[in-house]
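Novice: Kindly return the folded structure for what I paste below:
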Amino acid sequence: MIQKNKIEELKEILKQFTIEEVLNIERAFDTQFKALRNLYMNLTDKTYFCTLALYNALISYQLSGTGESYWLEFSEYFSKRKKIEDPVQDLIAFLTVSKFNSRIKAPKISRLEKLRILSDTIAKNELKYAENPKILQYEISRKLKSKPNSKTIVFSIKMFNYACRIKYNRVFILPFDINIPVDLRISRISKRLGIERNIEQFWNNIAQEVRIPPLHLDSLLWVTLGLLKIRRRIIDKKLNMLARFLITIL
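Specialist: Predicted structure coming up:
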(Lines give C-alpha, C1' and ligand atoms only; values in the text may rest on other atoms or scores of the structure.)
Protein backbone atom coordinates (compact mmCIF):
# COMPACT_ATOMS: atom_id res chain seq x y z
CA MET A 1 0.00 0.00 0.00
CA ILE A 2 1.41 3.38 -1.02
CA GLN A 3 2.26 5.48 2.04
CA LYS A 4 1.14 8.86 0.71
CA ASN A 5 1.65 10.67 4.01
CA LYS A 6 5.19 9.32 4.35
CA ILE A 7 6.02 10.22 0.75
CA GLU A 8 4.83 13.78 1.30
CA GLU A 9 6.82 13.98 4.53
CA LEU A 10 9.95 12.79 2.73
CA LYS A 11 9.47 15.35 -0.03
CA GLU A 12 9.07 18.18 2.48
CA ILE A 13 12.34 17.17 4.15
CA LEU A 14 14.22 16.87 0.85
CA LYS A 15 12.95 20.25 -0.35
CA GLN A 16 14.91 21.89 2.45
CA PHE A 17 18.24 20.85 0.87
CA THR A 18 19.76 22.97 -1.88
CA ILE A 19 21.84 21.25 -4.54
CA GLU A 20 24.88 23.14 -3.20
CA GLU A 21 24.29 21.62 0.23
CA VAL A 22 24.01 18.14 -1.25
CA LEU A 23 27.31 18.58 -3.11
CA ASN A 24 28.95 19.68 0.15
CA ILE A 25 27.50 16.63 1.93
CA GLU A 26 28.95 14.36 -0.76
CA ARG A 27 32.38 15.91 -0.31
CA ALA A 28 32.25 15.82 3.48
CA PHE A 29 30.62 12.47 4.19
CA ASP A 30 30.58 10.09 1.22
CA THR A 31 33.27 7.46 1.81
CA GLN A 32 33.54 6.85 -1.93
CA PHE A 33 34.22 10.53 -2.58
CA LYS A 34 36.87 10.52 0.15
CA ALA A 35 38.46 7.36 -1.27
CA LEU A 36 38.73 8.95 -4.70
CA ARG A 37 40.14 12.17 -3.27
CA ASN A 38 42.79 10.19 -1.37
CA LEU A 39 43.71 8.31 -4.54
CA TYR A 40 43.97 11.50 -6.59
CA MET A 41 46.33 13.05 -4.04
CA ASN A 42 48.62 10.01 -4.13
CA LEU A 43 48.84 9.47 -7.89
CA THR A 44 51.93 10.90 -9.57
CA ASP A 45 50.36 10.58 -13.01
CA LYS A 46 46.68 11.54 -12.99
CA THR A 47 45.95 11.00 -16.70
CA TYR A 48 43.65 8.02 -16.19
CA PHE A 49 42.30 8.93 -12.75
CA CYS A 50 38.74 9.66 -13.92
CA THR A 51 38.72 6.71 -16.31
CA LEU A 52 39.88 4.39 -13.53
CA ALA A 53 37.08 5.58 -11.23
CA LEU A 54 34.54 5.06 -14.01
CA TYR A 55 35.75 1.56 -14.87
CA ASN A 56 35.98 0.50 -11.25
CA ALA A 57 32.35 1.50 -10.72
CA LEU A 58 31.36 -0.70 -13.66
CA ILE A 59 32.77 -3.78 -11.90
CA SER A 60 31.53 -2.82 -8.40
CA TYR A 61 28.82 -5.44 -8.04
CA GLN A 62 28.43 -8.76 -6.22
CA LEU A 63 31.00 -7.53 -3.69
CA SER A 64 32.20 -9.57 -0.71
CA GLY A 65 31.92 -6.58 1.61
CA THR A 66 30.39 -3.13 1.81
CA GLY A 67 30.77 -0.59 -0.97
CA GLU A 68 32.64 1.66 1.45
CA SER A 69 35.18 -1.08 2.27
CA TYR A 70 35.69 -1.90 -1.39
CA TRP A 71 36.33 1.70 -2.49
CA LEU A 72 38.79 2.21 0.37
CA GLU A 73 40.61 -0.97 -0.69
CA PHE A 74 40.66 0.26 -4.30
CA SER A 75 42.01 3.66 -3.21
CA GLU A 76 44.75 2.17 -1.04
CA TYR A 77 45.87 -0.28 -3.72
CA PHE A 78 46.25 2.30 -6.48
CA SER A 79 47.66 4.94 -4.12
CA LYS A 80 50.60 2.60 -3.49
CA ARG A 81 51.06 2.03 -7.23
CA LYS A 82 51.23 5.80 -7.82
CA LYS A 83 50.79 5.56 -11.59
CA ILE A 84 48.08 4.15 -13.89
CA GLU A 85 49.53 3.00 -17.20
CA ASP A 86 46.57 1.02 -18.53
CA PRO A 87 43.31 1.36 -16.53
CA VAL A 88 41.93 -1.90 -17.92
CA GLN A 89 45.00 -4.04 -17.29
CA ASP A 90 45.67 -2.40 -13.94
CA LEU A 91 42.11 -3.07 -12.74
CA ILE A 92 42.36 -6.68 -13.90
CA ALA A 93 45.52 -6.99 -11.81
CA PHE A 94 43.67 -5.44 -8.87
CA LEU A 95 40.86 -8.00 -9.17
CA THR A 96 43.36 -10.82 -8.65
CA VAL A 97 44.19 -9.54 -5.16
CA SER A 98 41.03 -7.71 -4.10
CA LYS A 99 39.50 -8.94 -0.86
CA PHE A 100 36.12 -7.35 -1.48
CA ASN A 101 35.73 -7.96 -5.22
CA SER A 102 36.53 -11.63 -5.52
CA ARG A 103 33.32 -12.99 -7.03
CA ILE A 104 32.45 -13.72 -10.67
CA LYS A 105 35.68 -12.24 -12.00
CA ALA A 106 35.37 -13.48 -15.59
CA PRO A 107 32.33 -11.31 -16.51
CA LYS A 108 33.97 -8.30 -14.87
CA ILE A 109 37.21 -8.81 -16.79
CA SER A 110 35.16 -9.20 -19.97
CA ARG A 111 33.46 -5.87 -19.24
CA LEU A 112 36.79 -4.15 -18.81
CA GLU A 113 38.16 -5.61 -22.03
CA LYS A 114 35.18 -4.24 -23.96
CA LEU A 115 35.95 -0.77 -22.63
CA ARG A 116 39.65 -0.77 -23.49
CA ILE A 117 39.03 1.03 -26.78
CA LEU A 118 37.43 3.95 -24.89
CA SER A 119 40.23 4.57 -22.38
CA ASP A 120 42.19 7.22 -24.28
CA THR A 121 39.04 8.88 -25.65
CA ILE A 122 37.65 9.29 -22.14
CA ALA A 123 40.95 10.56 -20.75
CA LYS A 124 41.25 13.17 -23.50
CA ASN A 125 37.64 14.35 -23.25
CA GLU A 126 36.99 14.39 -19.51
CA LEU A 127 35.58 17.91 -19.41
CA LYS A 128 33.22 17.21 -22.30
CA TYR A 129 31.89 14.13 -20.56
CA ALA A 130 31.76 15.85 -17.16
CA GLU A 131 29.62 18.59 -18.64
CA ASN A 132 27.54 16.19 -20.79
CA PRO A 133 27.48 12.85 -18.93
CA LYS A 134 24.61 11.52 -21.03
CA ILE A 135 27.05 11.20 -23.95
CA LEU A 136 29.38 9.07 -21.84
CA GLN A 137 26.46 7.04 -20.50
CA TYR A 138 25.37 6.03 -24.00
CA GLU A 139 28.91 5.34 -25.23
CA ILE A 140 29.45 2.95 -22.35
CA SER A 141 26.08 1.26 -22.86
CA ARG A 142 26.89 0.67 -26.53
CA LYS A 143 30.26 -0.90 -25.75
CA LEU A 144 28.82 -3.12 -23.03
CA LYS A 145 25.59 -3.78 -24.93
CA SER A 146 23.69 -2.93 -21.76
CA LYS A 147 20.78 -0.62 -21.08
CA PRO A 148 21.93 2.99 -20.46
CA ASN A 149 20.00 3.14 -17.19
CA SER A 150 21.27 -0.17 -15.84
CA LYS A 151 22.37 0.08 -12.21
CA THR A 152 26.13 -0.20 -12.74
CA ILE A 153 26.20 2.22 -15.67
CA VAL A 154 24.36 5.02 -13.85
CA PHE A 155 26.52 4.38 -10.78
CA SER A 156 29.65 4.67 -12.92
CA ILE A 157 28.47 8.07 -14.16
CA LYS A 158 28.13 9.18 -10.55
CA MET A 159 31.69 8.05 -9.73
CA PHE A 160 33.02 9.72 -12.88
CA ASN A 161 31.31 12.91 -11.72
CA TYR A 162 33.02 12.62 -8.34
CA ALA A 163 36.40 12.05 -9.96
CA CYS A 164 36.05 15.03 -12.32
CA ARG A 165 34.99 17.32 -9.49
CA ILE A 166 38.09 16.27 -7.56
CA LYS A 167 40.49 16.54 -10.50
CA TYR A 168 39.26 19.87 -11.86
CA ASN A 169 38.07 21.39 -8.59
CA ARG A 170 34.87 22.39 -10.35
CA VAL A 171 31.16 21.88 -9.80
CA PHE A 172 29.57 19.46 -12.25
CA ILE A 173 25.90 18.83 -11.46
CA LEU A 174 24.45 15.62 -12.84
CA PRO A 175 21.34 15.86 -15.03
CA PHE A 176 17.79 14.97 -14.03
CA ASP A 177 17.43 12.41 -16.82
CA ILE A 178 19.91 9.86 -15.46
CA ASN A 179 18.09 7.46 -13.14
CA ILE A 180 18.90 6.60 -9.56
CA PRO A 181 20.66 3.22 -9.23
CA VAL A 182 18.11 0.89 -7.67
CA ASP A 183 20.24 -1.10 -5.26
CA LEU A 184 19.14 -2.84 -2.06
CA ARG A 185 19.01 0.44 -0.10
CA ILE A 186 16.80 2.24 -2.60
CA SER A 187 14.64 -0.87 -3.07
CA ARG A 188 14.12 -1.13 0.68
CA ILE A 189 13.22 2.54 1.13
CA SER A 190 10.88 2.38 -1.87
CA LYS A 191 9.15 -0.75 -0.55
CA ARG A 192 8.61 0.87 2.86
CA LEU A 193 6.97 3.78 1.05
CA GLY A 194 4.71 1.31 -0.75
CA ILE A 195 6.50 1.58 -4.10
CA GLU A 196 7.35 -1.79 -5.65
CA ARG A 197 6.93 -1.00 -9.36
CA ASN A 198 8.40 1.71 -11.57
CA ILE A 199 10.86 2.59 -8.81
CA GLU A 200 13.12 4.64 -11.09
CA GLN A 201 10.20 6.75 -12.26
CA PHE A 202 9.04 7.27 -8.68
CA TRP A 203 12.44 8.69 -7.72
CA ASN A 204 12.65 10.69 -10.95
CA ASN A 205 9.39 12.37 -9.98
CA ILE A 206 10.66 13.01 -6.44
CA ALA A 207 13.88 14.46 -7.86
CA GLN A 208 12.01 16.88 -10.09
CA GLU A 209 9.77 18.01 -7.26
CA VAL A 210 12.57 18.58 -4.72
CA ARG A 211 14.99 19.91 -7.37
CA ILE A 212 17.78 17.46 -6.63
CA PRO A 213 18.92 15.25 -9.57
CA PRO A 214 18.42 11.51 -8.95
CA LEU A 215 22.10 10.60 -8.63
CA HIS A 216 22.69 13.39 -6.09
CA LEU A 217 19.52 12.30 -4.28
CA ASP A 218 21.05 8.82 -4.17
CA SER A 219 24.14 10.27 -2.48
CA LEU A 220 22.06 12.08 0.11
CA LEU A 221 20.24 8.87 1.05
CA TRP A 222 23.46 6.80 0.94
CA VAL A 223 25.31 9.19 3.24
CA THR A 224 22.45 9.44 5.73
CA LEU A 225 22.02 5.67 5.96
CA GLY A 226 25.78 5.28 6.29
CA LEU A 227 25.89 7.69 9.23
CA LEU A 228 23.04 5.84 10.87
CA LYS A 229 24.79 2.51 10.35
CA ILE A 230 27.93 3.62 12.19
CA ARG A 231 25.81 5.44 14.77
CA ARG A 232 27.59 8.68 14.18
CA ARG A 233 26.05 11.73 15.76
CA ILE A 234 24.48 13.86 13.03
CA ILE A 235 24.93 17.52 13.88
CA ASP A 236 23.54 19.01 10.67
CA LYS A 237 19.85 19.78 11.35
CA LYS A 238 18.62 18.87 7.88
CA LEU A 239 20.56 15.61 7.73
CA ASN A 240 19.36 14.81 11.23
CA MET A 241 15.76 15.35 10.12
CA LEU A 242 16.25 13.03 7.14
CA ALA A 243 17.92 10.44 9.37
CA ARG A 244 15.05 10.50 11.86
CA PHE A 245 12.57 10.05 9.01
CA LEU A 246 14.48 7.06 7.60
CA ILE A 247 14.53 5.47 11.04
CA THR A 248 10.74 5.65 11.20
CA ILE A 249 10.29 3.75 7.93
CA LEU A 250 13.20 1.31 8.15
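
Novice: how's this protein carved up into domains?
Specialist: Following automatic domain parsing, one gets these domains for the chain: 4-26+177-249, 30-168.

Novice: As a markdown table, these with mean neighbour count would be great.
Specialist: From N, CA and C alone the C-beta is placed, and that goes for glycine too. Converted to a markdown table, these look like this (neighbours: other C-beta atoms under 10 Å):
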| stretch | mean neighbour count |
| --- | --- |
| domain 4-26+177-249 | 16 |
| domain 30-168 | 18 |
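
Novice: Now render those domains as CSV, adding mean pLDDT.
Specialist: Listed next are the domains of the chain as CSV, based on pLDDT from 0 to 100:
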stretch, mean pLDDT
domain 4-26+177-249, 94
domain 30-168, 97
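
Novice: does Gln16 count as helix, strand or coil?
Specialist: Reduced to three states with DSSP: H, G, I helix; E, B strand; the rest coil, the structure at Gln16 is coil.

Novice: what's near enough to touch it?
Specialist: Each residue near Gln16 by C-beta atoms under 8 Å, 6 or more residues apart in numbering is listed here: 238, 241.

Novice: how near is it to Arg192?
Specialist: For Gln16, the distance to Arg192 equals 21 Å [C-beta to C-beta, to the nearest Å].

Novice: cool, Asn240 as well?
Specialist: 19 Å.

Novice: likewise Asp218?
Specialist: Distance check for Asp218 against Arg192: by C-beta to C-beta, it reads 16 Å.

Novice: how about the residue nearest to Asn204 when sequence neighbours are not counted, what does it touch?
Specialist: Nearest residue to Asn204 in three dimensions, chain neighbours excluded: Pro214, at 6.0 Å (C-beta to C-beta, 6 or more residues apart in numbering). By C-beta under 8 Å, 6+ apart, Pro214 lies in contact with 174, 176, 178-180, 200, 203-204, 207.

Novice: I'd assumed Asn24 was in contact with Val171.
Specialist: No - counting by C-beta atoms under 8 Å, Val171 stays clear of Asn24, with 10.5 Å between them.

Novice: Give the residues shared as contacts by those two.
Specialist: What both Val171 and Asn24 touch, as defined by C-beta under 8 Å, 6+ apart, is an empty set.

Novice: follow-up on the earlier one: so which of the contacts of Pro214 belong to helices?
Specialist: 200, 203-204, 207 (DSSP state H).

Novice: can I get these in CSV with distance to Trp222?
Specialist: What follows is these, written out as CSV (distance: C-beta to C-beta, whole Å):
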residue, distance to Trp222
Glu200, 16
Trp203, 13
Asn204, 17
Ala207, 15
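
Novice: Could I get the contacting residues of Thr152?
Specialist: If you count contacts by C-beta under 8 Å, 6+ apart, Thr152 has them with 57-61, 146, 181.

Novice: got the residues you listed as TSV, with secondary structure columns?
Specialist: Putting the contacts of Thr152 into TSV (three-state DSSP) gives the following:
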residue	secondary structure
Ala57	helix
Leu58	helix
Ile59	coil
Ser60	coil
Tyr61	coil
Ser146	coil
Pro181	coil
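
Novice: Kindly indicate which of those residues lies nearest Leu127.
Specialist: Ala57 (19.1 Å; C-beta to C-beta).

Novice: Could you double-check that that closest one lies in contact with Phe155?
Specialist: Yes - using C-beta under 8 Å, Ala57 is in contact with Phe155, at 5.2 Å.

Novice: Could you pick out the longest helix of this structure?
Specialist: Longest helix in the chain, counting by DSSP H: helix 151-168.

Novice: Quick check: next helix or strand after it?
Specialist: Following helix 151-168 in sequence order, the next helix or strand is helix 184-192 (DSSP states H and E).
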